[in-house]
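In: with the sequence up front, the predicted model follows.
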Amino acid sequence: MTMGPIANRYTRLSDIEHPIVQEGLGPFRTPKLAAAVSNAGGLGTVSMPGFPRDLAEGAREFRAHIEECAALTDKPFAVNVPVGVDGDGKVLEFTDTYIKTALRAREEDDRIAERLTVLTTSAGFPGAYVAPIKDASMVHQHKVGSTAQAVKAQQAGVDAIIAAGFEMGGHAPSKGVHTYVLVPSVAAAVDVPVVLSGGAKDGPTLAAALCMGADAVAMGTRFIASEENSDWHPYYAQALLAAREGDDIAFTGVYGPCRGLRNRASLRLAEEHGETTNPAELLRWKIESMQRAQTEGDVEDGLVLAGQVTGAIQDMIKIAEFVPAMADEAAAVLDRLAPGAHS
Ligand SMILES: Cc1cc2nc3c(=O)[nH]c(=O)nc-3n(C[C@H](O)[C@H](O)[C@H](O)COP(=O)(O)O)c2cc1C
């Protein structure tokens, strides 16, 4: 892999040029987005496809997304599978099915094995999956929302930690520690590479992440508003670009607190706290209304997941140019502050 202006232990671990990750954006389609980010020298991620009533159908869809991404890039890319747990701490069936789907895709297709080299778990503790992911010779990164979870994940054997702070889009960690507090604590507590997630958007924010002890940034919201994200309805990106500071809101999502745009759908959840409707029906409504926002562009009655950084993003990007420019800009910021210190 060619070395970019910021090469470090995370770029070496993931075999990428720039320490810039497009993170999991389930339950939405991201094979084209993932391939665009990987082709630009970052690490793209194919997202989990959701929770269809027939899980076998979800597994087929996930496999199709992995195949589509592998056909669009010859660079490394990741998949994200959240670890869902029930009230007794038992891992939910979709997690097991989707992790096995990813591992089987690699076993059955050399092209996929060559490119799908990173598996990102998130939400619950991934302990049971560390060994199978390692046996498959994949890099295992796990997303956490607290320093204690980071230490526990490192002890279990993961290769990198994604430290996700309060301002992140989508399902936020329940402790809600802000990125500025969380990342330095995690970086001091673990030896493995740390990736900041939540609020990153450009060169200065990447430089700031590195200053706080992170080795890379992972972004969701910034990449949604991009020319290459042609799988999403254009109204979704337009709603993110139109949003200003304060237009985001936290509500109860599928696995706990979730951040998105303030609209009719999210206000309904924020006000009702899910108390007035049948829980199973409410869960299905949440998932379907998220997907309606992405596929039909229903940004008023659909849930538009997005981070606080949406208020600071006002332009569409072209990923092919944006990723290398972001790394160059971060290197220039660091050089201005401490010449030569970033490499
Ligand atoms: C639309 C959307 C969907 C998301 N879906 C997932 C998901 O399926 N799994 C996951 O681990 N994180 C998910 N997240 C969180 C992102 O992976 C990432 O942590 C977050 O976007 C980082 O914050 P940022 O939006 O400020 O960049 C989602 C975020 C958004 C905006």
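Out: That came through fine. These numbers were taken from a predicted model, which means no experiment stands behind them.
In: what helix or strand is Leu267 on?
Out: Assigned by DSSP states H and E, Leu267 belongs to helix 264-272.
In: contact residues of this structure facing the ligand?
Out: Residues of the chain found near the ligand (C-beta under 6 Å from any ligand atom) are 23-26, 47-48, 80, 82, 122, 143, 164, 167-171, 197-200, 219-222, 305-307, 309. Bear in mind the C-beta positions are built from the backbone N, C-alpha and C, glycine included.
In: just these: which are in helices?
Out: Thr221, Arg222 (DSSP state H).
In: tell me which other helices or strands the very next helix or strand once past the helix holding Leu267 touches.
Out: Next along the chain after helix 264-272, taking DSSP H and E as the criterion, comes helix 279-296. Applying 3 or more C-beta pairs under 8 Å, 6 or more residues apart in numbering; DSSP states H and E, we find helix 279-296 packed against helix 264-272.
In: now the helix it packs on: average pLDDT?
Out: In this model, helix 264-272 carries a mean pLDDT of 84.
In: give me the contacts around it.
Out: 249-252, 260, 286, 289, 293, 300-304 (C-beta atoms under 8 Å, 6 or more residues apart in numbering).
In: residue contacts, Ile66?
Out: Pro31, Val46, Val79, Thr101, Ala102, Ala105, Ile112, Leu116.
In: looks like the third one contacts Thr117 (just checking).
Out: No - Val79 lies out of contact with Thr117 (C-beta atoms under 8 Å); the separation is 10.1 Å.
In: which one's more surrounded, these two?
Out: Between Val79 and Thr117, counted using other C-beta atoms under 10 Å, Val79 has the larger neighbour count: 28 against 21.
In: beta-bridge partners for that one, please?
Out: Note on Val79: beta-bridge partners Val46, Leu119, judged by DSSP bridges.
In: for it, give its distance to the ligand.
Out: Between Val79 and the ligand the distance is 10 Å, computed by C-beta to the nearest ligand atom, to the nearest Å.
In: again, but for Trp285
Out: 17 Å.
In: how many neighbours does the closest residue to that residue other than its chain neighbours have?
Out: Take Trp285 and drop its neighbours on the chain: the residue closest to it by C-beta to C-beta, 6 or more residues apart in numbering is Thr277, 7.5 Å away. Other residues lying near Thr277 total 12 when counted by other C-beta under 10 Å.
In: element containing Gly44, please.
Out: strand 44-46.
In: next one: the closest residue to Ala172 other than its chain neighbours from Leu305, what distance?
Out: Spatially, and ignoring its direct neighbours in sequence, Ala172 is nearest to Pro257 (4.9 Å; C-beta to C-beta, 6+ apart). Going from Pro257 to Leu305 by C-beta to C-beta, to the nearest Å gives 12 Å.
In: the residue nearest to Arg262 when sequence neighbours are not counted: neighbouring residues, count only.
Out: Sequence neighbours aside, Ile249 is the residue nearest to Arg262 in space, at 4.3 Å (criterion: C-beta to C-beta, 6+ apart). By the criterion of other C-beta under 10 Å, Ile249 has 16 neighbours.
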